[in-house]
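S.K.: Have a look; sequence and predicted model below, questions after that.
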Amino acid sequence: MRHLMSPLDFTVEELDQLFDLANDIEKNPQKYAHACAGKKMATCFYEPSTRTRLSFEAAMLNLGGSVLGFSDANSSSAAKGESVSDTIRVISCYADICAMRHPKEGAPMVAASKSGIPVINAGDGGHQHPTQTLTDLLTIRSMKGRLGNFTIGLCGDLKFGRTVHSLINALMRYEGIHFVFISPEELKIPDYITDKLKENGITYEEVISLESVMPKLDLLYMTRVQRERFFNEEDYVRLKDFYILTTEKMEKAKPDCLVLHPLPRVNEISVEVDEDPRAAYFKQAQYGVYVRMALILTLLGIEVKE
Ligand code: NCD
């Protein structure tokens, strides 16, 4: 039985197979419409979510399966003090696969160790968010035709942003990646990540100004300041509008620079940028459904014949 805790749980070759499958699903959705008939997915969300939970549910429904679950810890027995280990043992009796989001780093991993069904980490605190990373990689691969040889700017909350941590982890395995970390001093990328980059001989730079690096980026990954992980509201208010991507700033970008964002957006990309053909964040949300469909099939070991 296989779980997904980190994007590194799949080899680069396995990821390629997963993305090929996702692209086939995109082209031939009918072929997969009943692949999970009779199967159930539980979505156990102890933290708010729109895209991740609903895209998992949409993915399972598109495959002809059913979904059950909770979207709020307070409406589950966690409110009575039940541990994730006990919860997952019970969920294992009700469903065939489980996607879990939790505010505590490592909680889905604890669940996986006690689970009778595959568990997918749908975001654990400020740690990892592997299915967002699969979404990001599929978007990049589908729109750019490759996953290596990029200068990628990651901008915003690089300290608490789990999507950023997961994406860096995953991109480190491809050739010719140069990272540009764009953040205020207070929201810098954690040392454990830059240490890993150094160990692996991967080049990176850290800057504060977004404008100054715009012209050299092939990809720009914008992120929201993660309010829920701040210790005090004042710091959040001071930092929340530090970066706002505007049409003026986009004029400085390469003609084929893709702008990605895991969403939800707060203020960091002005809505006028949505009309720019380089804005890929809503397409990214669509790719999130295809890649989750491919992931569910893969973890359940279901092969769809021609
Ligand atoms: C992200 C998350 O939950 O980490 N959202 C998502 O899953 N698409 C990003 C965020 O909340 O800022």
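M.R.: Looks like it arrived, so ask away.
S.K.: C-alpha only now, for contacts and for neighbours.
M.R.: Will do.
S.K.: residues in contact with the residue in the chain that the ligand sits nearest to?
M.R.: Ranked by CA to the nearest ligand atom, the top residue of the chain for proximity to the ligand is P262, at 4.3 Å. Counting by CA atoms under 8 Å, 6 or more residues apart in numbering, P262 makes contact with 132, 136, 163, 222-223, 281, 284-285.
S.K.: Would you mind giving both backbone torsions of I120?
M.R.: phi -110, psi 130 (degrees, to the nearest 10).
S.K.: got a list of what it touches?
M.R.: 3-5, 97-100, 108.
S.K.: okay if I get those as JSON lines plus distance to D191 and neighbour count?
M.R.: Compiled in JSON lines, the contacts of I120 are given as follows (distance: CA to CA, whole Å; neighbours: other CA atoms under 10 Å):
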{"residue": "H3", "distance to D191": "27", "neighbour count": "21"}
{"residue": "L4", "distance to D191": "25", "neighbour count": "22"}
{"residue": "M5", "distance to D191": "21", "neighbour count": "22"}
{"residue": "I97", "distance to D191": "35", "neighbour count": "24"}
{"residue": "C98", "distance to D191": "32", "neighbour count": "30"}
{"residue": "A99", "distance to D191": "29", "neighbour count": "25"}
{"residue": "M100", "distance to D191": "27", "neighbour count": "29"}
{"residue": "P108", "distance to D191": "24", "neighbour count": "29"}
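S.K.: In helices, which of those residues appear?
M.R.: P108 (DSSP state H).
S.K.: what does the stretch 201-306 of the chain put close to the ligand?
M.R.: 224, 262-264 (CA under 6 Å from any ligand atom).
S.K.: Kindly recompute the last result at 5 Å.
M.R.: Contacts of the stretch 201-306 of the chain with the ligand, taken as CA under 5 Å from any ligand atom, map to 224, 262-263.
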